[in-house]
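1. All I have is the shape, not the residue letters:
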């Protein structure tokens, strides 16, 4: 039996992988899947691929393309989710910010350089007509890191997948401004 190490973020998109592992769906093909949750996101998973610490990664297309163009000798083997993610724009629950337009000079919390939160913050700033060279990034590592960062009173904003952050908006840990 060949063991294949696979990594992905602990989000709802990866339920099919977990169900397949529970059912030993790949056993008849001689494959044993080992899953590792990587809450740090695409940037960290790119590092795991580059360091040969995993065989497969479920990553954001934008992040892996950026990493490939920076020299990571990995390749994309298949599209997993064709629809774009809905990125929520969040601030800490007591933030005075009421609209996205107020964020143009605010720092941006990101999991790491090259991550989805980093790339999408840059894309969003460009779409808003803001100077992307003026963005100030604060590394928070994970969604939990962002929640902790906000609990300490950060005035940053944070982009993360809408459905994954919804429970934290619903329970009052985050304030959602827009998608």
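-> All right, it came through fine. Because the structure is a prediction, the values reported are computed rather than measured. Numbers count the residues shown, from 1 in each chain.

2. contacting residues around stretch 31-42?
-> 1-10, 14, 17-18, 20-21, 26, 44-45, 48, 54, 57, 59-60, 63-64, 111-112, 114-117, 141-144 (Cβ atoms under 8 Å, 6 or more residues apart in numbering). No exception for glycine: its C-beta is placed from N, CA and C like everyone else's.

3. The lowest-mean-pLDDT helix or strand in the chain packs against which elements?
-> Taking mean pLDDT, DSSP states H and E as the measure, the chain has helix 61-69 as its least confident helix or strand, at a mean of 90. On a contact count with 3 or more Cβ pairs under 8 Å, 6 or more residues apart in numbering; DSSP states H and E, helix 61-69 meets helix 42-50, helix 116-128.

4. The shortest one: which residues count as buried?
-> With burial defined by 16 or more other Cβ atoms under 10 Å, the residues of helix 42-50 counted as buried are 42-49.

5. Including pLDDT and distance to residue 106, could those go into JSON lines?
-> Output for the buried residues of helix 42-50, formatted as JSON lines (pLDDT from 0 to 100; distance: Cβ to Cβ, whole Å):
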{"residue": "42", "pLDDT": "89", "distance to residue 106": "23"}
{"residue": "43", "pLDDT": "88", "distance to residue 106": "21"}
{"residue": "44", "pLDDT": "91", "distance to residue 106": "25"}
{"residue": "45", "pLDDT": "95", "distance to residue 106": "27"}
{"residue": "46", "pLDDT": "93", "distance to residue 106": "27"}
{"residue": "47", "pLDDT": "94", "distance to residue 106": "28"}
{"residue": "48", "pLDDT": "97", "distance to residue 106": "31"}
{"residue": "49", "pLDDT": "97", "distance to residue 106": "32"}
